[in-house]
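Participant: Need the 3D shape of this:
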Amino acid sequence: MGILHKHADISICSVSRFWKTPAFPAGSGPDYANAVALVSTKLSPTALLTELHRIEAGAGRDRTNGRWSARVLDLDLVAYDRVILPDAAHVESWIDLPLDQQKIKAPDQLILPHPRLQDRAFVLAPMAEIVPNWRHPMTSRTVAQMLADLPPDALAGIQPMPAADLPAFA
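Facilitator: Model (predicted):
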């Protein structure tokens, strides 16, 4: 995660392996390289997300192409310790949002933990490598438990990347 090493306000504590994962939704683009980093920062969650977006823009990320479009870099803030933002009811409403609405609606504020965290093998598999015992602040389930709860097909096509296939910024 060389892209974060230059930021005085963000210290990397641990990084998972990179995982090759099919684009979501299926067929929407080339496979992705996913990883999870555990960082330490004194930045607020909103300030940290702003910094992640600045890093994306510096790498050429264009946010005008729509939700779930192919992108050069996508840095998500999926959790910030056990913080819930803006509140549990708001997070729950986004967790319960039907898939057809997820495709067109985007929140206008930071939601933590990420409302799809417990559903996404491409997040949970690398996250389980570095923080398997982290607990979701709303369900108290660990990363390892959430990963084990996924249906078998959720892990289809997800595999650790060989070193030769790692992205240039890794």
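Participant: Spatially central residue in the protein, please.
Facilitator: residue 76 (4.4 Å; Cα atoms, centre = their mean).
Participant: Show me which residues of whichever strand or helix holds residue 90 are buried.
Facilitator: Residue 90 belongs to helix 88-95 when assigned by DSSP states H and E. Within helix 88-95, the residues that count as buried by 16 or more other Cβ atoms under 10 Å are 91, 95. Any C-beta I mention is one placed from the backbone N, CA and C, and that applies to glycine too.
Participant: tell me the contacts of the closest residue to residue 160 other than its chain neighbours?
Facilitator: Distance criterion Cβ to Cβ, 6 or more residues apart in numbering; nearest residue to residue 160, sequence neighbours excluded, is residue 17 at 4.9 Å. For residue 17, the contact set (Cβ atoms under 8 Å, 6 or more residues apart in numbering) comprises 35, 126, 129, 160, 161.
Participant: let's see 10 Å
Facilitator: Neighbouring residues of residue 17 by Cβ atoms under 10 Å, 6 or more residues apart in numbering: 34, 35, 36, 125, 126, 129, 130, 160, 161, 163, 166, 170.
Participant: Let me have these in JSON lines, adding pLDDT as columns.
Facilitator: What follows is those, written out as JSON lines (pLDDT from 0 to 100):
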{"residue": "34", "pLDDT": "90"}
{"residue": "35", "pLDDT": "94"}
{"residue": "36", "pLDDT": "96"}
{"residue": "125", "pLDDT": "96"}
{"residue": "126", "pLDDT": "96"}
{"residue": "129", "pLDDT": "96"}
{"residue": "130", "pLDDT": "97"}
{"residue": "160", "pLDDT": "93"}
{"residue": "161", "pLDDT": "89"}
{"residue": "163", "pLDDT": "75"}
{"residue": "166", "pLDDT": "68"}
{"residue": "170", "pLDDT": "57"}
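Participant: Just the ones of these in strands?
Facilitator: In this view, those that belong to strands under DSSP state E are 34, 160.
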